[in-house]
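J.: how does the following fold in three dimensions:
(chains A and B)
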Protein chains: 2
Amino acid sequence: MKSVKGLDYFFYPRNVAIIGASRDKGSIGWTELENFVKGSFKGKVYAVNPFARKILSVKCWKNVKEIPEKIDLAVIVTPNFVVPKVLKECAEKRVKAVIIISAGFAEISEKKLTAQVQRIINDNPQMRVIGPNVLGVLHLKTGVDALFNPPYRSPRPPYGGISFISQSGALGAAILDWAGARGYGINKFVSYGNAMDVDEADLLEYLGQDRETRVIVMYIEGVREGRKFFETAKKVAGKKPVIMIKGGVTEEAAKSTQSHTGSLAGNVEVYEALIKQAGIIRARNMKEVFDFAKIFSNEPLPQGKRVQIITNGGGYGVLSTDAVLLSGLKLARMKNKTKKKIQAASPKYSVIENPCDLTGDADNERYRVAITNCLKDENIDSIILVVLFQVPTLRKGIDEMMVRLLKNRKKPVAIMSAGGNLAARHKKYLEKHGLTTFASPFVAANALKALTAYALKQKS
Amino acid sequence: MKSVKGLDYFFYPRNVAIIGASRDKGSIGWTELENFVKGSFKGKVYAVNPFARKILSVKCWKNVKEIPEKIDLAVIVTPNFVVPKVLKECAEKRVKAVIIISAGFAEISEKKLTAQVQRIINDNPQMRVIGPNVLGVLHLKTGVDALFNPPYRSPRPPYGGISFISQSGALGAAILDWAGARGYGINKFVSYGNAMDVDEADLLEYLGQDRETRVIVMYIEGVREGRKFFETAKKVAGKKPVIMIKGGVTEEAAKSTQSHTGSLAGNVEVYEALIKQAGIIRARNMKEVFDFAKIFSNEPLPQGKRVQIITNGGGYGVLSTDAVLLSGLKLARMKNKTKKKIQAASPKYSVIENPCDLTGDADNERYRVAITNCLKDENIDSIILVVLFQVPTLRKGIDEMMVRLLKNRKKPVAIMSAGGNLAARHKKYLEKHGLTTFASPFVAANALKALTAYALKQKS
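T.: Predicted coordinates for the structure are as follows:
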């Protein structure tokens, strides 16, 4: 197995060459150059195009070898039949890292072209290659933006702690876009496509060692080398959360992955078992991926399964109870001391059990007392905090109060708030200040369950 | 069983009296009056408050009996201990319909007050009563807005075909707010709380006969009279879709419903079986309720289980395949004729099977051919149409084209589009024009499954 150290050049290059830079505004070859020129990349940007003199004010070179500097990263966006030639030139130039955006290889059974590229990769182990057939690589911290979708179509997400690797480019693009719109902070994104050199195991290992990455998310259909992948996964999942969504769970879907990225998904059941064994957190769909990523990024790990529900809506108390128990978590039983303190601050018709129903006329103060005391109670491992902001008794300052009370929390708190724009405004503020919010008790309990299962596995 | 005809007065009253109208701006007694005065209600509005002369320019009467006109609808917002007195006056005045917003009865074990109210209800069967302990009633067509949450905190949803009854007020409020923000059209909304007179069965029967209501959604925890409810449900569910979310699925949650609305949820398993038998469509959470409500409102019923997937992203093709098969639906096998026509309009590397992968560079025309031919193909019962709008090849006019092609569709089409604001803009347009969109293949397949199960049950 090659060392993954070389992958640093994809994310922290001193310079970049766009091979196949194009004058055709809006084309992929133009977008790739524009992203680096107009984005936040600090290094030098070179353009390679034998037929142009300048594109976007960048001088064009006939080929990468002519550039009078060592090149860390090259991005290839030429037609597929030109790829072997320009990749060979990259090898001769001793380029450290190459992203082949171009499609048209194993995924459409172009065997000859695929073999040519594979030979160059095999002959030059010092040069690491991502692709072909990829959306690209994104690392906002250094301004590496090799995504072929322009930012005006697919706004970039904010910088954060979630790194995301995706076998599928289209899926990666949609998810980046979605994450951006919701404000999830992304660290490194890689669409790795046909994985002729750098594969999912390499990336997983690299991100496992990466200090900037707090949570790893992956979309995979099949893996190239089962043993390598599962050994790496086991090692990395013990260090930080690895959340996976797998395409091709059914045999039929697994078959269609072959035509899609040229990989074989392998025996479905064997995979399922191995993924579980490796300690990978399994998400069933992309929304769940980010529900999990959110709670894993924000919340401390719980000591156990006992959840306390606090609510100002009886119906949501009932649904949260269902949600907790159906997820496999347990209802906490708060200490008498806790109960007395909350009861003292609440009207006599409040029901201070689990759920702790502060009732529809709960005000800021009643929430303050309930939150403060439940955070202290050792009989409580985690909290589902239902807050329905629609009621008139919740006054200004409720958001700031929650942020203050939950700042140094030692147990996870999942805030559940349903509703429309009013709830969305409150939740945006809370999320911005590091709290974790959900729109449904079932989603909240499900995420808390994943966090708890991970915590208990780490302890065992 | 009382006739449900009298319920008309809740939704189509010629006038309304707010009993307990308050001068205290922002209070519930003030909000109820303001909603009717400043909203779109066309009838006459009366205020009852023995201590005030005018509120919001409306003359105040000492009690409802003094009003020199027959009253169709009264809304009671007094403190709980005044309710028996003013309700008795309503009965003497022969008011047709009364909403008791006030809380503080069975749900907090106020047995004496509860018994007094019950006696008045029993003695006056001609007067129908909703409540006590409710958020209120909303019917946008006639401007009946008896919700105690003011519109500035909880914007009203648009008018539409979904009627929604909720045992829980807080949950009802959150859902109305949520539906409003997403543009789901609501017809009649009722929070029925303690259900001392009008209960879930009455409302269900009424909405079953209501021509404006296309889909009925209900949140219930327990029912008052099991036999009455399930017989009604069976009858109504045969005529139009009834979607239910039930709180209190676990025994523990069922227990907590008692303190919440004073109702007993009954044996959990018996309920589950009866709900299924009645043909009620069961949703697991509120998001699912509206996913279902959306597809049932918009889409024609399918003839069978065979789903065709059309996509411009391989990864989403794989996930959609998983989603279809895991949901229990089947993959359609399109006719050779269909396949040939789509293949002729697509590059040779497209894979025209199921999923029908038009690939990432699919343009408007390729979609046009695929949609047109799959709509015609008798081997296909329904379609999951994946459209990733992030790709540059989808040109202007794609939305208009889809609306045109799908206008008179004879089979359901679930459009699946993932992403952020760009996708949201496209989806908003499509939804506005009567198409059905989802953000995940699993959600799309799940909704399609519910629609298919309903269709097949109707046929059987």
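J.: and the closest residue to residue A:12 other than its chain neighbours, what is it in contact with?
T.: The shortest distance from residue A:12 to any non-neighbouring residue, by CB to CB, 6 or more residues apart in numbering or on different chains, is to residue A:142 (5.5 Å). Bear in mind the C-beta positions are built from the backbone N, C-alpha and C, glycine included. Going by CB atoms under 8 Å, 6 or more residues apart in numbering or on different chains, residue A:142 touches A:11, A:12, A:13, A:41, A:42.
J.: what of residue A:235?
T.: By CB under 8 Å, 6+ apart, the neighbours of residue A:235 are A:205, A:208.
J.: and what about it, helix, strand or coil?
T.: helix (DSSP: H, G, I helix; E, B strand; the rest coil).
J.: okay, helices next: where are they in the stretch 51-200 of chain A?
T.: A:83-93, A:111-123, A:169-182, A:200-209 (DSSP state H, counting those that start in this stretch).
J.: among these, which is nearest residue B:248?
T.: helix A:169-182 (31.7 Å; CB to CB).
J.: does chain B have contacts with that closest one?
T.: Yes: judged by CB under 8 Å from any CB of the partner chain, helix A:169-182 and chain B are in contact via A:169-175, A:177-182.
J.: among those residues, the buried ones, what's the ChimeraX command?
T.: A single ChimeraX command selects the buried members of the residues of helix A:169-182 next to chain B (16 or more other CB atoms under 10 Å in any protein chain shown):
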select /A:169,170,171,172,173,174,175,177,178,179,180,181
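J.: find the closest residue to chain B in the stretch 1-150 of chain A.
T.: residue A:108 (4.0 Å; CB to the nearest CB).
J.: look up how far residue B:341 lies from that residue.
T.: 21 Å (CB to CB, to the nearest Å).
J.: give me every residue in the stretch 351-460 of chain A lying close to chain B.
T.: A:351, A:353, A:355, A:357, A:360, A:388-392, A:418-424, A:439-443.
J.: at 10 Å what do you get?
T.: Within the stretch 351-460 of chain A, the residues that sit near chain B (CB under 10 Å from any CB of the partner chain) are A:351, A:353-355, A:357, A:359-361, A:386, A:388-392, A:394, A:416-424, A:439-443, A:446.
J.: among those residues, name the buried ones.
T.: Looks like these have A:351, A:353-355, A:357, A:359-361, A:386, A:388-392, A:394, A:416-420, A:422-424, A:439-443, A:446 buried, using 16+ other CB under 10 Å.
J.: name the helix or strand of chain A that has the lowest mean pLDDT.
T.: Least confident helix or strand, chain A: helix A:251-261 with a mean of 69, by mean pLDDT, DSSP states H and E.
J.: low pLDDT regions in the stretch 1-150 of chain A?
T.: A:1 (pLDDT under 70).
J.: about what we covered before: next step: the buried ones among the residues of the stretch 351-460 of chain A next to chain B restricted to strands.
T.: Secondary structure from DSSP state E places A:351, A:357, A:386, A:416 of these in strands.
J.: nearest to chain B among these?
T.: Using CB to the nearest CB, these come closest to chain B at residue A:351, 4.8 Å.
J.: and the closest one, what are its bridge partners?
T.: Residues in a beta bridge with residue A:351, per DSSP bridges, are residue A:357.
J.: and the pLDDT at it?
T.: Per-residue confidence for residue A:351 comes out at a pLDDT of 90.
J.: with the one 10 residues further on instead?
T.: We note a pLDDT of 85 for residue A:361 in this prediction.
J.: again with residue A:293
T.: 92.
J.: mind listing what the residue located most distally from the centre of chain A touches?
T.: Relative to the mean C-alpha coordinate of chain A, counting by CA atoms, centre = their mean, the farthest residue is residue A:348 (45.7 Å). Contacts were defined as CB atoms under 10 Å, 6 or more residues apart in numbering or on different chains; by that measure residue A:348 touches residue B:108.
J.: what do you get for residue A:395?
T.: A:363, A:364, A:365, A:401.
J.: just the buried ones from the residues you listed?
T.: A:363, A:364, A:401.
J.: among those residues, which one lies nearest to residue B:36?
T.: residue A:363 (27.3 Å).
J.: with adjacent residues omitted, what lies nearest to that closest one?
T.: Residue A:363 sits nearest to residue A:393 (CB to CB, 6+ apart), 4.7 Å away.
J.: quick check: the one you found touching residue A:362?
T.: Yes: contact criterion CB atoms under 10 Å: residue A:393 and residue A:362 qualify, at 6.4 Å.
J.: if we can go back for a sec, among the contacts of residue A:395, which ones are in helices?
T.: A:364, A:365, A:401 (DSSP state H).
J.: where exactly do the strands run in the stretch 51-200 of chain A?
T.: A:54-55, A:58-61, A:73-76, A:97-100, A:128-130, A:137-139, A:144-145, A:159-166, A:186-191 (DSSP state E, counting those that start in this stretch).
J.: with mean neighbour count as extra columns, can I get those strands in JSON lines?
T.: Converted to JSON lines, the strands of the stretch 51-200 of chain A look like this (neighbours: other CB atoms under 10 Å in any protein chain shown):
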{"stretch": "strand A:54-55", "mean neighbour count": "16"}
{"stretch": "strand A:58-61", "mean neighbour count": "17"}
{"stretch": "strand A:73-76", "mean neighbour count": "28"}
{"stretch": "strand A:97-100", "mean neighbour count": "29"}
{"stretch": "strand A:128-130", "mean neighbour count": "26"}
{"stretch": "strand A:137-139", "mean neighbour count": "23"}
{"stretch": "strand A:144-145", "mean neighbour count": "26"}
{"stretch": "strand A:159-166", "mean neighbour count": "23"}
{"stretch": "strand A:186-191", "mean neighbour count": "27"}
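J.: just the helices of the stretch 51-200 of chain A: most buried one?
T.: Of all these, helix A:169-182 carries the top mean neighbour count, a mean of 24, counting by mean count of other CB atoms under 10 Å in any protein chain shown.
J.: so what's residue A:48 closest to, chain neighbours aside?
T.: Using CB to CB, 6+ apart, the nearest residue to residue A:48 is residue A:19, at 4.3 Å.
J.: looks like that neighbour contacts residue A:87 (just checking).
T.: Yes: with contact defined as CB under 10 Å, residue A:19 reaches residue A:87; the gap is 8.9 Å.
J.: so what's in contact with these two at the same time?
T.: Joint contacts of residue A:19 and residue A:87 (CB under 10 Å, 6+ apart) are A:64, A:74, A:76, A:78, A:95, A:98, A:100, A:102.
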